[in-house]
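Colleague: Starting from these lines, generate the structure:
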Amino acid sequence: MRLSAELKRTLENHERWRREQCLNLIASENVTSPAVRRILGSDLGHRYTAPDHFYLGCKFIDQAEDIARRLARDMFGSEWADVTPLSGHITDMTLLSAFAQRGDKIMTMGTEYGGYFGTSGVGYPRILGLVNLYFPFDKDRWNIQVEKTVELITNEAPRIVILGASYMLFPHPVEQISKACRETGTLLAYDGSHVLGLIAGGAFQQPLKEGARILVGSTHKSFFGPQGGIIAAFKPEGQRLKETIFPAIVDNAHWNRIAALAQALLEMKRFGRQYANQVIRNSRALAEALDDGGVPVRCKEYGYTASHQVLLDMDRLKDGAQVPDRLEEANVIVDRGIRLGTSEMTRRGMREKDMNDVADIIARIVHGQETSAVARRKATALARKFRQVRYA
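Modeller: Now for the predicted structure:
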């Protein structure tokens, strides 16, 4: 019983701290609605099913999956969708496994510019024996250099080009790059893991309408679903993905998560535009307030951001490596980027004026103007005003 009591106490401490006392600004996190959490704890969490119908008793599970697929197709403008991947990383694995062979070239974002490690040369492409090319990148604008990228695609003819990144402030030039890809027979895919909720809300860009053939991503970052992955594609690519994913990549797909994703898709269908636009407004308000407070923020000349992310300029940040730990001591939760995300605090009801309060707490910690204890009291008081999940 000792370990039972310890576990109970640990979980209660976590719930109290992160849900009631912290300003959660990690860009790869969000908060799910009570309805989504109820479904995650439902009987579906005990059950198995499979596309070959080996398991019986699954007629309602199959219906829930079909609802999720239909909602995904409608939301992202695709002809085919799959909701079984357990993570965004598995969607990338499926994409590469379906369309690339050993020795093929692929083009992704370099990790020094916020590219995803899983599709870089140290990630899954290394296992498949693929050759990574990287987008020419404009660090000042924090975006892809279109002309140099088109030239590289024309000269190298990679098998797959994957747009999207973990550090993503602005829409990627899908339409311009898609033209070059068509000319070289290159498959253009878009990893929307971070910006999926903004895409779903119609506030960022529409990759499949702009020329990408496949959209993959996580369902728990700017999109406010349970942790997992999703794929949307046109029929020819979808058929090949379908043949690849089961049983090679995904077998048991966690049906409570899929039903919970269906609920999140319904919430996004109803509230997505309002939510996504507020996320972006909050990001810009936070960036501007931080900049006014003397905290170096990237891309001021270009409006700071058009996504849920704000990037601090670590090269200009004094003692930058220590800042994330100092912020955590003050109950302001960030990553070591430092990349700030407004998705969760937006879903808890924060608006532009509240971002000023968040920025003030951060700036005082960054500049050493306030002790962690004082800042923590302010952060906790602010967080407790926003405990209810909105857009649900």
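
Colleague: Give the other helices and strands that the lengthiest helix in the chain contacts.
Modeller: The longest helix of the chain (DSSP state H) is helix 255-292. With contacts taken as 3 or more CB pairs under 8 Å, 6 or more residues apart in numbering; DSSP states H and E, helix 255-292 sits against helix 34-40, helix 59-76, helix 196-200, strand 309-311, helix 343-347, helix 352-366. Where C-beta positions appear, they are placed from N, C-alpha and C, glycine not excepted.

Colleague: For these, please prepare TSV with the additional fields distance to residue 158 and mean neighbour count.
Modeller: TSV is the format used below for the helices and strands packed on helix 255-292 (distance: least, CB to CB, whole Å; neighbours: other CB atoms under 10 Å):
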stretch	distance to residue 158	mean neighbour count
helix 34-40	38	17
helix 59-76	24	18
helix 196-200	24	29
strand 309-311	27	29
helix 343-347	32	28
helix 352-366	40	20
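
Colleague: could I get the ones you listed as CSV with mean pLDDT?
Modeller: CSV is the format used below for the helices and strands packed on helix 255-292 (pLDDT from 0 to 100):
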stretch, mean pLDDT
helix 34-40, 98
helix 59-76, 97
helix 196-200, 98
strand 309-311, 98
helix 343-347, 98
helix 352-366, 97
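
Colleague: right, and those - which one's nearest residue 326?
Modeller: In terms of CB to CB, the element of the helices and strands packed on helix 255-292 nearest to residue 326 is helix 352-366, at 5.3 Å.

Colleague: Helix or strand next in line after the closest one, which one?
Modeller: Scanning forward in sequence from helix 352-366 by DSSP states H and E, the next helix or strand is helix 372-383.

Colleague: Buried ones in that next one, by neighbour count?
Modeller: Residues 372, 375-376, 378-380, 382-383 are the ones in helix 372-383 that count as buried (16 or more other CB atoms under 10 Å).

Colleague: export those residues to a markdown table and tack on pLDDT and distance to residue 330?
Modeller: Shown next, in a markdown table, are these (pLDDT from 0 to 100; distance: CB to CB, whole Å):
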| residue | pLDDT | distance to residue 330 |
| --- | --- | --- |
| 372 | 94 | 5 |
| 375 | 97 | 4 |
| 376 | 98 | 5 |
| 378 | 98 | 8 |
| 379 | 98 | 6 |
| 380 | 98 | 9 |
| 382 | 98 | 11 |
| 383 | 98 | 11 |
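
Colleague: Go through these and say which is closest to residue 214.
Modeller: Ranked by distance to residue 214 (CB to CB), the buried residues of helix 372-383 are led by residue 383 at 38.3 Å.

Colleague: Enumerate every residue touching that closest one.
Modeller: Neighbour list for residue 383: 20-23, 331 [criterion: CB atoms under 8 Å, 6 or more residues apart in numbering].

Colleague: Just flag the most distant two among these.
Modeller: Maximum pairwise distance among the contacts of residue 383 (CB to CB): 11.3 Å, between 20 and 23.

Colleague: So for those two, which sits in the more crowded spot?
Modeller: Comparing residue 20 with residue 23 by other CB atoms under 10 Å, the one with more neighbours is residue 23, at 26 against 11.

Colleague: so where's this protein uncertain?
Modeller: Scanning the chain for pLDDT under 70 picks out the ranges 1.

Colleague: thinking again about what came up before, now tabulate the contacts of residue 383 in TSV and tack on distance to residue 259 and secondary structure.
Modeller: Shown next, in TSV, are the contacts of residue 383 (distance: CB to CB, whole Å; DSSP: H, G, I helix; E, B strand; the rest coil):
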residue	distance to residue 259	secondary structure
20	28	helix
21	31	helix
22	29	coil
23	31	strand
331	33	coil
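
Colleague: The most centrally placed residue in the chain: which element?
Modeller: The residue lying closest to the centre of the chain (CA atoms, centre = their mean) is residue 194, at 2.3 Å. Using DSSP H and E, residue 194 is not contained in any helix or strand.

Colleague: quick one: it and residue 172 touch, right?
Modeller: No - the criterion here is CB atoms under 8 Å, and residue 194 misses it with residue 172 at 11.4 Å.

Colleague: Now the common contact residues for those two.
Modeller: Common neighbours of residue 194 and residue 172 (criterion: CB under 8 Å, 6+ apart): residue 164.

Colleague: Quick check: buried residues in the longest helix of the chain?
Modeller: Neighbour-count burial for helix 255-292, counted by 16+ other CB under 10 Å, picks out 255-268, 271-272, 275-276, 278-291.

Colleague: Please apply the same query to stretch 297-309.
Modeller: Neighbour-count burial for stretch 297-309 flags 297-299, 304-309 (criterion: 16+ other CB under 10 Å).
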